[in-house]
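>>> model this:
(one chain, ligands or ions: 1)
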Amino acid sequence: MWPFVCAILALIGAYCSICWLYENLRTPVSLVLHGIAQLLLPQKPFSEKYGEWAVITGASDGIGKGYAEYLAGRRMNIVLVARNENKLNRVAEEIQRKYSVRTKVVVADFANGEAVYEHLARDLLPRDVGILVNNVGLSYDRGMCMEELPKKLVWDLLTVNVASVTMLCHLLVPAMKQRGRGLIINISSLSAAAPAPYLSVYAAAKVYVRNFSMALREELRPHRVEVQTVLPGFVRTNMTAFVASEYDGKAASKQLVRVDDYVRYAGFTIGKTDRTCGYWWHGLQYAGLKLVPEFVRVFVLQTIYSHLRGTKKNV
Ligand SMILES: NC(=O)c1ccc[n+]([C@@H]2O[C@H](COP(=O)([O-])OP(=O)(O)OC[C@H]3O[C@@H](n4cnc5c(N)ncnc54)[C@H](OP(=O)(O)O)[C@@H]3O)[C@@H](O)[C@H]2O)c1
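I've put the predicted structure just below:
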């Protein structure tokens with residue numbers, strides 16, 4: 001009896017190990033192989049491979065601004081979308097000065113819902129949009145119970161984090177399919193790895209982005225349009241100012257990666273892998289979370305965000 005039980009347990013163990021290794025090694029292996037190919041074979045510039053323009057939502061600050069600079073450095077013309085026109089103009093001027101590419105500023109508030117997409121269609125559809133970075137996002141300014149969230153914030157979490165990704169893909173995918181080229185980068189979050197108490201709406205919205213993005217990747221694959229899903233961990237931006245202020249001066253504050261470092265790694269993965277955390281340390285955190293049962297992951301996220309319940313954004 002015992003040898004039979006041991007054999008079954010060994011089989012289950014081997015099966016689980018293979019699944020975990022496949023899930024967590026496919027991205028690094030793909031990066032290494034593509035990295036070698038990039039060294040040995042001539043590569044098409046992004047503008048030729050995907051199209052002339054990159055559209056980045058939430059491009060005036062944080063990770064979006066980082067992507068805008070990274071892609072401008074690869075000779076893409078940049079459409080910057082956000083709410084604050086002055087901030088957008090400043091970033092656009094900086095990009096033009098540094099990289100000598102064309103820029104276009106589009107002022108749009110995704111919290112306004114449906115109306116914003118007519119205005120975006122007028123600006124975006126006439127262009128050869130090769131890359132769409134669905135980056136715009138909104139989070140809490142501390143860990144909060146569901147009923148503590150103001151009603152307006154709940155709507156905004158849905159319209160900004162969920163609807164923008166979906167509707168911009170809906171707007172731009174037909175032209176990409178017709179041209180037979182393009183790349184969509186959807187920014188989800190490491191918090192999509194498990195339900196996150198005290199960050200419940202944000203984390204659930206990011207699960208939507210992850211699943212939508214991975215399903216769209218399969219739909220668009222035959223049309224040579226690529227979709228990349230990015231799941232960042234903590235990056236030092238306005239969004240995580242409450243985390244930074246809580247852990248200021250403590251070892252945990254080192255968990256917050258600088259935007260420049262984050263985008264250097266995440267940018268390297270473009271065109272090389274369809275799913276990434278964008279930064280090696282975040283990849284290890286994701287692999288660690290996936291190693292344990294869901295109740296442990298929930299416990300870890302609950303511990304982090306319940307600890308952040310008392311803090312307030314200080315920017
Ligand atoms: N930072 C992190 O640790 C982290 C971790 C995981 C995932 N992420 C994801 O990464 C993405 C970028 O986050 P971030 O940390 O870079 O955020 P951020 O620093 O707060 O920047 C957000 C950007 O979006 C714009 N924006 C905000 N609300 C908008 C709205 N309603 N309509 C149009 N534009 C709006 C902001 O400019 P205006 O205020 O001028 O509009 C800004 O350019 C988000 O999707 C976020 O969920 C971030």
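>>> can you list contacts of the host helix or strand of Ala68?
Counting by DSSP states H and E, the element that carries Ala68 is helix 62-73. With C-beta atoms under 8 Å, 6 or more residues apart in numbering as the test, helix 62-73 has contacts from 46, 54, 56-59, 78, 80, 82, 91, 95, 98-99, 101, 103, 131, 133, 135-136, 185, 187, 232, 235, 237-239, 259-260, 262-264, 266-267. Yep, even glycine has a C-beta here, placed from its N, CA and C like the rest.
>>> quick check: bridge partners of Asn134?
Asn186 (DSSP bridges).
>>> what's the helix or strand containing Phe4 packed up against?
Phe4 is part of helix 2-40 when elements are defined by DSSP H and E. Taking 3 or more C-beta pairs under 8 Å, 6 or more residues apart in numbering; DSSP states H and E as the contact definition, the neighbouring helices and strands of helix 2-40 are strand 275-276, helix 280-291.
>>> before we move on, the earlier item: strands - which of the contacts of helix 62-73 land there?
Ala54, Ile56, Thr57, Ile78, Leu80, Ala82, Thr103, Ile131, Val133, Ile185, Ile187 (DSSP state E).
>>> including distance to Asp248, could those go into CSV?
Converted to CSV, the ones in strands among the contacts of helix 62-73 look like this (distance: C-beta to C-beta, whole Å):
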residue, distance to Asp248
Ala54, 34
Ile56, 29
Thr57, 30
Ile78, 33
Leu80, 31
Ala82, 27
Thr103, 35
Ile131, 36
Val133, 30
Ile185, 31
Ile187, 26
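>>> just the buried subset of the residues you listed, written out for ChimeraX, thanks.
Buried subset of the ones in strands among the contacts of helix 62-73, written as a ChimeraX selection, criterion 16 or more other C-beta atoms under 10 Å:
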select :54,56,57,78,80,82,103,131,133,185,187
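>>> now, which of the ones in strands among the contacts of helix 62-73 lie close to the ligand?
Among the ones in strands among the contacts of helix 62-73, the residues within reach of the ligand (C-beta under 6 Å from any ligand atom) are Ala82, Ile187.
>>> let's have the helices and strands packed on helix 2-40 in TSV, adding mean pLDDT, mean neighbour count and distance to the ligand.
Formatted as TSV, the helices and strands packed on helix 2-40 follow (pLDDT from 0 to 100; neighbours: other C-beta atoms under 10 Å; distance: least, C-beta to the nearest ligand atom, whole Å):
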stretch	mean pLDDT	mean neighbour count	distance to the ligand
strand 275-276	96	23	13
helix 280-291	93	17	9
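>>> and the ones you listed as CSV, adding distance to Leu220?
Shown next, in CSV, are the helices and strands packed on helix 2-40 (distance: least, C-beta to C-beta, whole Å):
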stretch, distance to Leu220
strand 275-276, 14
helix 280-291, 24
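>>> if I look at Leu168, how far off is the ligand?
Applying C-beta to the nearest ligand atom, to the nearest Å, the value for Leu168 to the ligand is 11 Å.
>>> that residue touches Ile56, doesn't it?
No - at 10.8 Å, Leu168 does not count as touching Ile56 under the criterion of C-beta atoms under 8 Å.
>>> farthest-apart pair in the ones in strands among the contacts of helix 62-73, please.
Pairwise distances across those (C-beta to C-beta) peak at 20.5 Å, for the pair Thr103 and Ile187.
>>> tell me what Val105 is bridged to.
Each beta-bridge partner of Val105 is listed here, defined by DSSP bridges: Leu80.
>>> next up, the contacts around it.
Counting by C-beta under 8 Å, 6+ apart, Val105 touches Val79, Leu80, Glu85, Leu88, Asn89, Ala92.
>>> who does the helix or strand of the chain with the lowest mean pLDDT touch, helix- and strand-wise?
Taking mean pLDDT, DSSP states H and E as the measure, the helix or strand of the chain with the lowest value is helix 241-246, at a mean of 82. In terms of contact count using 3+ C-beta pairs under 8 Å, 6+ apart, helix 241-246 is assigned no packing partners among helices or strands.
>>> in it, what counts as buried?
Of the residues in helix 241-246, those with enough neighbours to count as buried (16+ other C-beta under 10 Å) are Ala241, Phe242, Val243, Ala244, Ser245, Glu246.
>>> what about stretch 20-34, average pLDDT?
Model confidence over stretch 20-34 averages 90 on the pLDDT scale.
>>> how far is it from where the chain is centred?
Stretch 20-34 has its C-alpha centroid displaced from the chain centroid by 18 Å (C-alpha atoms, centre = their mean, to the nearest Å).
>>> swap in stretch 141-157?
A distance of 21 Å separates the C-alpha centroid of stretch 141-157 from that of its chain, computed with C-alpha atoms, centre = their mean.
>>> show me which residues of the stretch 151-300 of the chain are close to the ligand?
By the rule C-beta under 6 Å from any ligand atom, the part of the stretch 151-300 of the chain lying against the ligand is Val160, Ile187, Ser189, Pro232, Phe234, Val235, Thr237, Asn238, Met239, Thr240.
>>> which non-adjacent residue is nearest the last one?
With C-beta to C-beta, 6 or more residues apart in numbering as the criterion, Thr240 has its nearest non-adjacent residue at 5.6 Å, and that residue is Phe234.
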